[in-house]
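K.L.:
Let's see this in three dimensions:
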Amino acid sequence: MMTEIMKKIQRRRMYNGRKPNRVAIQRPREQEKEEIIFEDKLICLKRGTPMTAILTTHALLLNSTCLKLEDILSVSCVFDCFELTIHSYVTFETRWVPALFGIPRRRYSCLNFMAQNREKLAEWKNALAKQGCYINCVPGFLGIKGSTSGTVDSVSGIALKPRKSFLVILNPRSGRGHARKIYYNEVEPIFKLAGFSCKVVETNGPRHAQALVSSFNFDAYPDGIICVGGDGIVNEVLNGLHSREDEKSRAIAVGIIPAGSDNSLVWTVFGISDPVRAALAIIKGHFMRTDVFAIKGMKGSTMYLGHTTFYLGFMSDVLELSAKYQIFGPLRYLVAGLIRIFNLRYYECEVNYIPAVEKESYVDSNSVLCGMTKESTSKAIIEGCGIDEQGNWKSSKGLFLGIIICNHQCKTVQCLKSQKLAPSAKHNDGLLDLLLVHKIGLFRLLWFLILMQYSHHVSLPFVEYIKVCRARINSVEGNISCGIDGELLTIDTPAFISVSPHQIYLIGHRVD
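P.N.:
Prediction:
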């Protein structure tokens, strides 16, 4: 019987691949073993015809349709009329635009079915609940009391998926002021279907999110924080979490809805650039740990944390100038860059760093979860990088057009997909990638920017690209204006930069 069912599934997949449909066919992963969970007849309410439905570990097969479980948001059950409603967001491709141009978009899909009887509906509900789907039992016409996820089902005794509560921090000025519209029109309906309970707080100025997170009581919203905006709002949340005295709050997970001018972190780590896909990744509840780097000046006592990049020189000058062109949105960096490129400025600095000798696995990725403290983890990095605790410092001095330190590859949505500012960087390797761009003229800078679109800029003779454990920057000017994750700051030199591994939880998973 099992062999016949698997043959039936394979025939349907072949049929799906040939069917000209606007909805992109979703297929289960071939590399993982697929198991049959439940099979039964369902009546399609739209057509009024019965169909064979097969629930597997990866998908729900409905005659000629294959719906991946990761696309299902929630399932509603009405026991009085045996009705089963599946809410999902599926990818679709426009008929006249080839898949080569752009990423397939998603749209809401609602499928209504009727089970044979109440017992069969209960079996469907239990099978979908075991696969992690959010179940909402709607009260019926006869007044039977409904139940929602987070309780124990009275029929089967199975524990349903609990409701989740999040604090949503929204920057209304992100993305030329479109962040509010993106959240309420595109993201909030998805969260409601998934049973999320969200408290939305809009920021009213710089560092508001940091002050809010540093003193907020997360007892009512223990599942994490969702940032709606760009990299700047995530940076504020990161600094706010690590300024708290309670260690438990520092481990709060952070989800990101890309709605800003630049969303390098979520684009590089997860491969997500649109809000709908980001919301779906948050709903599935996977977690990924990333490194955090810290910057501290010699005289000042303030320590700044970052998750993406630190830059001094040409990029910080562009960031400072771009504040005057907010009206252009993401294109303001291009406008500021074109202006600054004809008025280049060089910085006389001395950069000291400890180069890292990479190994295959310097530290277990779950070391922080296993109870290692921040000090013990840092020691493991030092030992794994092949350096002594005193550190073999090396230096480079002279006139620099730019000094860049990256925590990951630092991809930009507005550039080509092949663009990587730090091609060899990883977000969880416990190392930093240092780029030193020496004094060059206009034409060499243009050549550098062109090659950067293909990640070949690090091979240029005037560029030094080194993996480091820590770095120290000293400028003859004393105080320096630098950028950290899109935020402009002034730091006194010498400035010390170090990395702490796996210090932030991100909610989501890699989308290929």
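K.L.:
Pull out the buried positions in stretch 80-96.
P.N.:
F82, E83, L84, T85, I86, H87, S88, Y89, V90, T91 (16 or more other CB atoms under 10 Å). The C-beta positions use only the backbone N, C-alpha and C, and glycine is treated the same way.
K.L.:
scratch that, stretch 424-442
P.N.:
Going by 16+ other CB under 10 Å, stretch 424-442 has these buried residues: 425-438, 440.
K.L.:
Most widely separated two among those residues?
P.N.:
N428 and I440 (32.8 Å; CB to CB).
K.L.:
returning to that earlier point: can you tell me which of the buried residues of stretch 424-442 is closest to D231?
P.N.:
H427 (13.3 Å).
K.L.:
What does the pLDDT read for the spatially closest residue to the closest one that is not a sequence neighbour?
P.N.:
Using CB to CB, 6 or more residues apart in numbering and skipping the chain neighbours, the partner closest in space to H427 is H408 (3.9 Å). pLDDT recorded at H408 is 94.
K.L.:
was I right about H408 contacting L265?
P.N.:
Yes. With contact defined as CB atoms under 8 Å, H408 counts as touching L265 (7.4 Å).
K.L.:
anything in contact with each of those two?
P.N.:
Here H408 and L265 have T290, T308 as joint contacts, going by CB atoms under 8 Å, 6 or more residues apart in numbering.
K.L.:
OK, contacts around I473?
P.N.:
L312, C349, E350, V351, N352, I403, I480, T493, P494, A495, I497.
K.L.:
Output the below-cut-off pLDDT ranges for the chain.
P.N.:
Across the chain, the ranges flagged by pLDDT under 70 are 1-33, 93-104, 138-161, 300-301, 329-330, 358-391, 512.
K.L.:
need the helices for it, in chain order.
P.N.:
2-18, 118-130, 174-177, 179-182, 188-193, 208-215, 231-242, 247-250, 264-269, 275-284, 314-322, 332-340, 374-384, 442-452 (DSSP state H).
K.L.:
for the residue nearest to A281 when sequence neighbours are not counted, phi and psi?
P.N.:
Closest residue to A281 apart from its sequence neighbours, by CB to CB, 6+ apart: G508 at 3.8 Å. Main-chain dihedrals, G508, degrees, to the nearest 10: phi 150, psi -180.
K.L.:
G508 contacts M288, correct?
P.N.:
Yes. The pair G508 / M288 is scored as a contact, 6.5 Å apart, by CB under 8 Å.
K.L.:
how about the strands in the stretch 401-512 of the chain?
P.N.:
In the stretch 401-512 of the chain, the strands defined using DSSP state E, counting those that start in this stretch lie at 432-438, 463-475, 479-484, 487-492, 495-507.
K.L.:
partners of the second one in the sheet?
P.N.:
Counting by DSSP bridges, the strands paired with strand 463-475 are strand 347-355 (antiparallel), strand 432-438 (antiparallel), strand 495-507 (antiparallel).
K.L.:
re earlier: for burial, what's the neighbour tally of the residue nearest to A281?
P.N.:
Using other CB atoms under 10 Å as the criterion, G508 is surrounded by 26 other residues.
K.L.:
Might you report the residue contacts of it?
P.N.:
G508 makes contacts with G255, I256, V266, V269, F270, I272, A278, A281, I282, K284, H286, M288, as judged by CB under 8 Å, 6+ apart.
K.L.:
Distance of the first one relative to W124?
P.N.:
Counting by CB to CB, to the nearest Å, the separation of G255 from W124 is 30 Å.
K.L.:
got it, and the fifth one?
P.N.:
Counting by CB to CB, the separation of F270 from W124 is 32 Å.
K.L.:
what does the third one give?
P.N.:
Taken as CB to CB, the spacing of V266 relative to W124 amounts to 35 Å.
K.L.:
Nearest the geometric middle of the protein, what residue?
P.N.:
In the chain, the C-alpha nearest the mean C-alpha coordinate belongs to V266, at 3.5 Å (CA atoms, centre = their mean).
K.L.:
so who does the closest residue to that residue other than its chain neighbours touch?
P.N.:
Excluding the flanking residues, the one nearest V266 by CB to CB, 6+ apart is I256, at 4.4 Å. By CB under 8 Å, 6+ apart, I256 lies in contact with I226, C227, V234, N263, L265, V266, A278, L506, I507, G508.
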